[in-house]
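*Asks:* just a sequence and a predicted model for now, questions to come.
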Amino acid sequence: MPYLVRQDHLAPPVTAPIPVNPSLPRACVIGAGSSGLAAAKALYQAHVPFDCFERGSVVGGNWVYDNPNGVSACYETLEINTSGPRMAFSDFPMPPDYPPYARHDQVAAYFNAYVDHFGFRDRITFHTTVTDVSPGPGGTWLVSTTGPDGDHVREYDAVLVANGHHWDPRWPDPAYPGVFDGEQIHAHDYRSGAQLAGRDVVVVGSGNSALDIAVEAGKVARSANLSQRRGQWVLRKFALGRPADQVVLPGWLPWWATAARLRVGALLSGNVAKLGLPQPHHAPGQSHPVQSEGIREALRSGRVTPRPAIERLDGDHVVFADGARVPADLIVWATGYRVSFPFLDPSLVAAKDNDLPLWKRTIHPDLPGLYFIGLVQPVGAVMPLAQAQGEWVAQLLIGRYAPPPDAEVRRQMRADHERNKRQFYSSVRHTMEVDFDHYLWDLRRELRRGFDRARAQVRAGRAHRP
């Protein structure tokens, strides 16, 4: 696997500036987070003329603490849940002196080094917000932006949407009954333990952020309660002294192989239900993995008290389904995010309950020229997948890759969507789930097939139009 190869990533840029080929389709990348950077770099190296618009002043998106773009959910203790070698782009490993699970500031520095190493920072327009993306004449797309130099509408042959899916907070809907006199925040607004210090805190949720916040509350809050409606298998980040995710499986193996690996990880980690959290009603591998090194000790020590679902809010107390009633002046709702595209008309693209079927999680067959980068929830890190998606789209735009017939695209899309619904329990959290190794293997296989189709079309005298 190329993701386990290390090299000196701090060398000078690997290439001289790459010229644009004006005869190629013109593209737009929305966002300069990890997925947008992967897409921009792929287009840059393919000589595709493109603009990348970023509403903030820096690259790195969700990994930048207090990002000026105003939508980062990064908090002080955040670190990656996938080990560095598995998270890094294939052609730009993380520094060898990084810890196995890098801190957010190290990840942000890595993305900055990535941009400068490949030399495409000048292709990113900062302080610019995309306000609308609409179909244009002749199969093009019209992109409206607002920024320091005013409002503009530009025409593109392709738009690569990389605005992320961890920025639009999803609150409980419907809201829990009762009235709460204290403060309520979403995990998206959490930054540090200073917000929890000396308070009676209830954290609601069972994902990685919920556990991280609960562990911190256990250190600094007057009281800390963790409320979960549904149990999860909580994996440790290390197994037998090494990062647990560095057991690499052949990509051609079906999902059961990854599920078996997760079951072993759950067995080695131990069931947190023994410490008072809800017993999971699904097998390991039937949900997105949750990892925490600190939650077990926080529960054992009594610094964090496990609670079931909330029944109602009652002034300065929270009442739980088992009848327990605890004082609270802060509720942190770690209840996930909505998939949304504020610049796209809902009549074009709408993710109902976060469900937006796409071919290979990238292409909407009804919207040619519109591509989604990083709109995946992998068992692993999104960065190498976004890299693969960006390179795939770049090859399509320069004409080296040709897709299969529309009927085959739709058949594959339906089959993949139905398979995912069978593999994972039904929730808004699992609408974009993919298996890291299998996804990369499958996309490489499709790319090879598309190269063959494109060559056959050239031989037959049929030019492919992206």
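*Replies:* Yep, that arrived. All of these numbers come straight from a predicted model, not from anything done at the bench. Residues are numbered from 1 along each chain as shown.
*Asks:* okay, CA-based contacts and neighbour counts for the rest of this
*Replies:* OK.
*Asks:* walking through this structure, point out its helices one by one.
*Replies:* 34-45, 84-87, 104-118, 208-220, 255-269, 295-300, 383-397, 406-423, 436-459 (DSSP state H).
*Asks:* between the ones you listed, which gets the lowest average pLDDT?
*Replies:* Between those, the lowest average pLDDT goes to helix 255-269, which shows a mean of 76.
*Asks:* could I get the buried residue list for that one?
*Replies:* Neighbour-count burial for helix 255-269, with 16 or more other Cα atoms under 10 Å as criterion, is recorded at Trp255, Thr258, Ala259, Arg261, Leu262, Arg263, Gly265, Ala266, Ser269.
*Asks:* walk me through the domains of the chain.
*Replies:* The chain breaks down by automatic domain parsing into domains covering 2-167+338-459, 178-333.
*Asks:* all strands for the stretch 251-400 of the chain, in order.
*Replies:* 290-291, 305-307, 310-315, 317-320, 325-327, 330-333, 370-372, 377-379 (DSSP state E, counting those that start in this stretch).
*Asks:* looking at the buried residues of helix 255-269, which two lie furthest apart in space?
*Replies:* Farthest apart among the buried residues of helix 255-269 by Cα to Cα are Trp255 and Ser269. That separation is 20.9 Å.
*Asks:* how far off helix 436-459 does the least confident helix or strand in the chain by mean pLDDT point, in degrees?
*Replies:* Least confident helix or strand of the chain, by mean pLDDT, DSSP states H and E, is helix 255-269 with a mean of 76. Relative orientation of helix 255-269 versus helix 436-459 (axes from the mean of the first three to the mean of the last three Cα atoms, to 10 degrees): 160 degrees.
*Asks:* counting contacts, what elements does helix 255-269 pack onto?
*Replies:* Secondary-structure packing of helix 255-269 (3 or more Cα pairs under 8 Å, 6 or more residues apart in numbering; DSSP states H and E): strand 234-235.
*Asks:* so what's the gap between the strand it packs on and the chain middle?
*Replies:* Put simply, strand 234-235 sits 19 Å off its chain's centre (Cα atoms, centre = their mean, to the nearest Å).
*Asks:* go on, stretch 172-181?
*Replies:* Taking mean C-alpha positions (Cα atoms, centre = their mean), stretch 172-181 and its chain are 28 Å apart.
*Asks:* ok, stretch 433-446 next?
*Replies:* Using Cα atoms, centre = their mean, the offset of stretch 433-446 from its chain centre is 16 Å.
*Asks:* could you list the buried residues of that stretch?
*Replies:* Neighbour-count burial for stretch 433-446 [16+ other Cα under 10 Å]: Glu433, Val434, Asp435, Phe436, Asp437, His438, Tyr439, Leu440, Leu443, Glu446.
*Asks:* check what pLDDT the residue nearest to the second one when sequence neighbours are not counted gets.
*Replies:* The shortest distance from Val434 to any non-neighbouring residue, by Cα to Cα, 6 or more residues apart in numbering, is to Pro378 (4.7 Å). Listed pLDDT for Pro378 reads 84.
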